[in-house]
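S.K.: quick check, what structure comes out for this input:
(2 chains, ligands or ions: 2)
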Amino acid sequence: MTILETTSPRSERRASTRQIWLLTVLLSLLLLSALSLRFGLRPISWDNIWESFVAYDATRADHLVIQGMRLPRLLAAWLAGGALAGSGALIQSLTRNPLADPGLLGINGGASLGVILCIFLLGISDPASFVWVAMGGGLLSTVLVFFLGGAGRGTPLRLILAGAALSALFLALGRSLLLISQRSLDVYRFWVLGGLDGIEMPTLAALLPFFALGAAFAAVSSFNLNAMMLGEDTARSLGLRVGLARGLAVCAIVCLCGATVSMAGPIAFVGLIVPHMARRFSGADMRWCLLFSAFLGAGLMILADLIGRLPVFGGNMQAGVMAALLGGPALVWLIRRDGSTAL
Amino acid sequence: MNAPARLHAKALSVAFAKTPILKDLTADIPDGKITVIVGPNACGKSTLLRSLARLQKPDSGEVLLDGKSIHKQANRSVAQRLAILPQSPSAPEGLTVQDLVTRGRTPHQSALRQWSHQDAEAVGRALELTGMAPYANRPLEALSGGQRQRAWIAMALAQDTEILLLDEPTTYLDLPHQIELLSLIQSFNQQSNQTVAMVLHDINLAARFADHIIALRAGAIFTKGSPAEVVTRNNMEQVFDLRCQIISDPVHGTPHVIPE
Ligand SMILES: Nc1ncnc2c1ncn2[C@@H]1O[C@H](COP(=O)(O)OP(=O)(O)OP(=O)(O)O)[C@@H](O)[C@H]1O
Ligand SMILES: [Mg+2]
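M.R.: Numbering: from 1, shown residues only, chains lettered A, B, ... in the order given. Ligands and ions are numbered 1, 2, ... in the order given. The predicted structure is shown next:
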């Protein structure tokens, strides 16, 4: 069969360019990581950074700063950025909605309510103890959303609506508690801005299994979603168990976002915008989209954290806020440049 | 009828919001033949095809694939034997032809074993046969309606199944491309003995390419049989409310409808 072709192809994508881009993104990520160890309120020389890894000396301030503060922070930024952006890519593809955000499943709303209840009822104000409360709240509310949304049988729209309704409910409940208690507000305000301050290695180690599990679920889901994005009928006729695939993707999102929100508070926007950037490199293949999202998300978080730590901002601009400040305009620029691509 | 066909609808009833669409319908899709389902708009052709492909759960009755209820078999194993192209499939923006056709290999892959030599071969062959190889790297939205249709058919071919169901595969195609596509499907059927069941609107093309025609009317089989048996003046009037003359196609000798 032949069909005469008069116009030239609009955009052709080759696999090799995709690999080159991935390599570029990875290299930039490594560079950013190195910079984020070096700079902060005060720069630390490369020699000292290197020594702190190979010959750690607890009596030297520089070593303490690197190993005790900047390295955990860097790792947290990697995990948070990668997890948020990766689950953003998953939820957008799962719901076939380019404006979906992983927070839509109710994870952030549930986690916030959990933390507020914990401050309000138990009077706890140590951020380290919020980890499990936030995790529990996030998990619980996602399970609720999933079943309200029709479990494996509901439509994507129903899932989103259930998530939006429950999130709004949890946020409203939380806010009304905060109105009553000034002290809760003070503690909560810091948590909710989303930051990587004071995250320590033991917290990271405790959350690592969730990130790992989430990453494994996400990898399997990326294969499933490649079929799901052709519509439910086509996915089913390609042999997919649609309900199971949907459940698996939700599990991936819960693990990744639950761990992130309990570590760094609810960070909005990264999960919404980074997948759009990733799609310009990856095309419609979910496996590539997930890889690019994770790496770009990590890069954005590291960059946001690095800039937020510079002396100009007094050294403590929250990374979540800075990520939105950087990512928003970047996305607007992308959209203006060549129109948005959907899923 | 001798041995039962591999794909068989048994006393199928489907209703949407209490309105019956298929009524106690029993039909065989003969093995290794081309079956064409015809009937007026909204008579239930797509619903029948979707039921045969387990995309529509019947309210009563069942579809048997290889003697077992299709809903009781592992979905993946069904997908290795039966492919369907739904009436208006949709794809996300930015999906290339190559991506799409590759998705056809899903039932032969798993999350752990995603790409094999056979996959590459089947995708290449499907692209070649449908003439879509030159457009492999083109996003679907940058194709004409007819090219897009062929890209979807290439996906169904890449699935490499013994049974292929197609819902109006010739929409968007001009007449030469309709003939080309149906000849292509016919050649699959003849070379690899693939069983084909498809919905077609053009009764003359149906008469020319079908071995077996099922004429639906209001959710029930009005009549079925060879083109010569089904495409008669009386049947056309009853099924389509169409007054016509039937002549013999001077080239192929199949019945040809001339509306009055
Ligand atoms: N999901 C659905 N919900 C409700 N009604 C439906 C649904 N799918 C089909 N119908 C109805 O069932 C009837 C048969 O639809 P079907 O798609 O099977 O017709 P068809 O013979 O394929 O028509 P066409 O030639 O226009 O494609 C129509 O009246 C349609 O409105
Ligand atoms: Mg139809």
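
S.K.: for ligand 2, give me its nearest residue in chain A.
M.R.: A:Asp233 (12.8 Å; Cβ to the ion). Every C-beta, even on glycine, is put in place using the N, C-alpha and C of the backbone.

S.K.: mind listing what that residue touches?
M.R.: Contacts for A:Asp233 (Cβ atoms under 8 Å, 6 or more residues apart in numbering or on different chains) come out as B:Arg50, B:Leu55, B:Pro86, B:Pro89.

S.K.: low pLDDT regions in the stretch 151-300 of chain A?
M.R.: A:152, A:194 (pLDDT under 70).

S.K.: all strands of it, in order?
M.R.: Assigned by DSSP state E, counting those that start in this stretch, the stretch 151-300 of chain A shows no strands.

S.K.: now do the helices in it.
M.R.: Along the stretch 151-300 of chain A, counting by DSSP state H, counting those that start in this stretch, helices occupy A:156-180, A:182-192, A:201-228, A:232-237, A:242-264, A:270-282, A:286-309.

S.K.: for B:Ile163, find the nearest of those helices.
M.R.: helix A:232-237 (11.5 Å; Cβ to Cβ).

S.K.: gap between that closest one and the chain center?
M.R.: Relative to its chain's centre, helix A:232-237 lies at 29 Å (Cα atoms, centre = their mean, to the nearest Å).

S.K.: cool, stretch B:17-37 as well?
M.R.: With Cα atoms, centre = their mean, you get 12 Å for stretch B:17-37.

S.K.: with stretch A:187-201 instead?
M.R.: 15 Å.

S.K.: buried ones in that stretch, by neighbour count?
M.R.: A:Val187, A:Tyr188, A:Phe190, A:Trp191, A:Val192, A:Leu193, A:Gly194, A:Gly195, A:Leu196, A:Asp197, A:Ile199 (16 or more other Cβ atoms under 10 Å in any protein chain shown).

S.K.: hmm, who's touching stretch A:35-44?
M.R.: By Cβ under 8 Å, 6+ apart, stretch A:35-44 touches A:45-46, A:49, A:62, A:65-66, A:70-71, A:73-74, A:77, A:302, A:305-306, A:309-311, A:315.

S.K.: nope, stretch A:124-143 is what I meant
M.R.: A:105-115, A:117-119, A:166-167, A:170, A:187, A:190-191, A:198, A:200, A:203, A:206-207, A:210, A:250, A:253-254, A:257-259, A:261-263.

S.K.: sec struct for B:His8, please.
M.R.: Assigned with DSSP: H, G, I helix; E, B strand; the rest coil, B:His8 falls in the strand class.

S.K.: wait, what's in contact with it?
M.R.: B:His8 touches B:Ala27, B:Asp28, B:Ile29, B:Val63, B:Leu64, B:Leu65, counting by Cβ under 8 Å, 6+ apart.

S.K.: check B:Gln87 too.
M.R.: Contacts of B:Gln87 by Cβ under 8 Å, 6+ apart are B:Ser46, B:Asp167, B:Glu168, B:Val199.

S.K.: now intersect the residues you listed with the helices, please.
M.R.: B:Ser46 (DSSP state H).

S.K.: can you pick out the most distant pair from the contacts of B:Gln87?
M.R.: Top of the distance list for these (Cβ to Cβ): B:Ser46 and B:Glu168, 8.2 Å.

S.K.: from B:Ile214, how far off is B:Asp28?
M.R.: According to Cβ to Cβ, to the nearest Å, B:Asp28 stands 9 Å off from B:Ile214.

S.K.: and for A:Val115?
M.R.: On the measure of Cβ to Cβ, A:Val115 and B:Ile214 end up 62 Å apart.

S.K.: these two: who's more crowded?
M.R.: A:Val115 (28 against 25; other Cβ atoms under 10 Å in any protein chain shown).

S.K.: centroid-nearest residue for the chain?
M.R.: With no chain named, the answer covers chain A. A:Leu84 (1.0 Å; Cα atoms, centre = their mean).

S.K.: try again with chain B
M.R.: B:Leu166 (2.1 Å).

S.K.: across the sheet, point out what pairs with it.
M.R.: B:Leu85, B:Met198 (DSSP bridges).

S.K.: show me what contacts it?
M.R.: So, once contact is read as Cβ under 8 Å, 6+ apart, B:Leu166 ends up touching B:Ile84, B:Leu85, B:Ile153, B:Ala156, B:Ile185, B:Val196, B:Ala197, B:Met198, B:Val199.

S.K.: would you turn these into CSV with pLDDT, neighbour count and distance to ligand 1?
M.R.: CSV is the format used below for the contacts of B:Leu166 (pLDDT from 0 to 100; neighbours: other Cβ atoms under 10 Å in any protein chain shown; distance: Cβ to the nearest ligand atom, whole Å):
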residue, pLDDT, neighbour count, distance to ligand 1
B:Ile84, 95, 27, 13
B:Leu85, 92, 24, 13
B:Ile153, 92, 24, 17
B:Ala156, 94, 25, 18
B:Ile185, 91, 21, 19
B:Val196, 96, 23, 17
B:Ala197, 97, 27, 13
B:Met198, 96, 24, 12
B:Val199, 96, 23, 6
